[in-house]
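1. sequence and predicted structure, then a few things I'm wondering about:
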Amino acid sequence: MKLNDPLETEFEFEGRLYSLNLAFNRVLDVFDCLRDDVLSDVEKAMVCVEIITGERAVEFPLVVDLWIHIKQNFIDLADDEPEQLDLHGNPMPKTKKAEDMARLVDFEKDAEYIYASFLQAYGMNLIQEQDNLSWVEFGALLNALPDNTIMQRIVEIRSWKPRKGESDEYRQEMRRLKAKYSLEDFREEEDYGG
């Protein structure tokens, strides 16, 4: 994300101009589509392209290449930032907070916590922001949630590992919370259609 670049509303692919609607709710619709176990991969690509571009008549195999281009260039935020180098040209470690958010947040299971956190931190009602707030803006705000929000607390719980000096009571409570907010049970239910 660069503050001096406008949000992209169109892009060119193989000599054709496509509209681009990257409202965060549309990208979340794409994620729902990708989890669908009834659609084939080609059907998923067609639906995802339609959600983001509004294009219905993109034929195979172009639709697959178009979907891959959209996903890699506009949706995958983790790869969006260039690699940072130190003064000697060595790669700098990525910020832990951004990595934790990507690894420890499930947009479906955590929807109410994300909603509440945005409302608490920014006074922003995500339901009212549908089709207004872009995916890039949403990702930036999610990664920057203050530590006192429920979503940040859940990320902290999910990433907790016992440390020397912690009381048995604290460890027991953290294990209980970790089980309560675990993504594993949720993802297993999805895998088995539960």
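-> On my side now, so go ahead. Numbers count the residues shown, from 1 in each chain.

2. quick check, Phe31 in a helix?
-> Yes - using DSSP: H, G, I helix; E, B strand; the rest coil, the assignment for Phe31 is a helix.

3. who's in contact with it?
-> Contacts for Phe31 (CB atoms under 8 Å, 6 or more residues apart in numbering) come out as 107-108. No exception for glycine: its C-beta is placed from N, CA and C like everyone else's.

4. could you list the domains of the protein?
-> Per automatic domain parsing, the structural domains of the chain span 10-75, 96-191.

5. hey, where'd the helices end up in the protein?
-> 24-35, 41-53, 62-70, 96-104, 111-122, 135-143, 150-159, 168-180, 184-191 (DSSP state H).

6. could I get these as a markdown table with mean pLDDT and distance to Gln128?
-> Output for the helices of the chain, formatted as a markdown table (pLDDT from 0 to 100; distance: least, CB to CB, whole Å):
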| stretch | mean pLDDT | distance to Gln128 |
| --- | --- | --- |
| helix 24-35 | 95 | 11 |
| helix 41-53 | 96 | 20 |
| helix 62-70 | 95 | 26 |
| helix 96-104 | 61 | 23 |
| helix 111-122 | 97 | 10 |
| helix 135-143 | 93 | 13 |
| helix 150-159 | 94 | 19 |
| helix 168-180 | 94 | 29 |
| helix 184-191 | 52 | 27 |
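
7. ok, which of the ones you listed comes nearest Lys2?
-> helix 135-143 (9.7 Å; CB to CB).

8. please state the offset of the closest one from the chain centre?
-> Mean-position distance between helix 135-143 and its chain equals 8 Å (CA atoms, centre = their mean, to the nearest Å).

9. Asn4: which of the domains of the chain is closest?
-> Comparing those by CB to CB, domain 96-191 comes nearest, at 13.5 Å.

10. on that earlier part again, let's have the helices of the chain in CSV, adding distance to Glu129.
-> Below are the helices of the chain laid out as CSV (distance: least, CB to CB, whole Å):
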stretch, distance to Glu129
helix 24-35, 8
helix 41-53, 17
helix 62-70, 22
helix 96-104, 18
helix 111-122, 8
helix 135-143, 8
helix 150-159, 16
helix 168-180, 28
helix 184-191, 25
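
11. which residue, neighbours along the chain excluded, lies closest to Leu17?
-> Closest residue in space to Leu17, ignoring its immediate chain neighbours: Glu10 at 5.7 Å, by CB to CB, 6 or more residues apart in numbering.

12. oh, that last question was meant for Val27, not what I typed.
-> Closest to Val27 by CB to CB, 6+ apart is Trp135, at 4.4 Å.

13. okay, now that neighbour: neighbour count?
-> 21 (other CB atoms under 10 Å).

14. surely it and Asn73 touch.
-> No - with contact defined as CB atoms under 8 Å, Trp135 does not reach Asn73; the gap is 11.8 Å.

15. quick one: common contacting residues for these two?
-> Common neighbours of Trp135 and Asn73 (CB under 8 Å, 6+ apart) do not exist.

16. can I get the domains of the chain in a markdown table with distance to Asn4?
-> Listed next are the domains of the chain as a markdown table, based on distance: least, CB to CB, whole Å:
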| stretch | distance to Asn4 |
| --- | --- |
| domain 10-75 | 18 |
| domain 96-191 | 14 |
